[in-house]
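Visitor: coordinates only, sequence not included:
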C-alpha cells in the first residue's frame, strides 16, 4: 500500500480493518513526523493510533490520553511515539504549552487526535476519519 492509496481513501468496516490500515500507514511514514487525526467521536481515531504504535513496535499497551492529554512511549528502533488528545485544549497556545519538542526531542512520531482544534504544522500527515453507518473512510492529505 502506498501514500496514493491513502489519498484516494481507504474504507474500513471493522476495528480489525482499521488496525490493518494503520499497519500499512506505519510502513510509509518517516521516523520523525506529525500525524493529525480528524474525525467525529467513534470514527476510529484511537483504534488507528493504538494499531499504529503496535505496528511501529511499541511494546507497551497504548491507552487513550483523554484525561492525561498526552502519553509517551518508546519506539524500540529509536525515538518516541507521542499520543495527544487535543479535545480538551482550547487553543494552539495550550498545545504549544505542552512543550512536546523539549520533552520528546526528534525523532518522534507525534499523533494528535482532534487535531482540528490546534494549528497543524506544515508537512503534517492529516488523516480524516468519516463514519457512514458501520463503515469508516480514512483519507490522507498533507499540510502544505
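Guide: Happy to help now that I have it. Owing to the predicted nature of the structure, the values given are computational and were not obtained by experimental measurement.
Visitor: give the contact list for residue 131.
Guide: Counting by CB atoms under 8 Å, 6 or more residues apart in numbering, residue 131 touches 39, 40, 42, 43, 44. Glycine gets a C-beta too; all of them are placed from N, C-alpha and C.
Visitor: closest to residue 115 among those residues?
Guide: residue 39 (9.8 Å; CB to CB).
Visitor: For the residue nearest in space to the middle of the chain, name its beta-bridge partners.
Guide: Residue closest to the average C-alpha location in the chain (CA atoms, centre = their mean): residue 111, at 3.5 Å. Beta-bridge pairing of residue 111 under DSSP bridges involves residue 35, residue 83.
Visitor: That one reaches residue 80, doesn't it?
Guide: No. Between residue 111 and residue 80 there is no contact under CB atoms under 8 Å: 11.0 Å.
Visitor: What segments of this structure are helices?
Guide: With DSSP state H as the criterion, the chain has helices at 3-8, 15-26, 45-55, 92-96, 100-103.
Visitor: Make TSV out of those helices and add distance to residue 116.
Guide: Putting the helices of the chain into TSV (distance: least, CB to CB, whole Å) gives the following:
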stretch	distance to residue 116
helix 3-8	18
helix 15-26	19
helix 45-55	11
helix 92-96	11
helix 100-103	18
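Visitor: List just the one of the ones you listed that sits closest to residue 141.
Guide: helix 3-8 (6.9 Å).
Visitor: which residues does residue 79 contact?
Guide: Counting by CB under 8 Å, 6+ apart, residue 79 has contacts 31, 32, 106, 107, 108, 109.
Visitor: Alright, that wraps it up for me.
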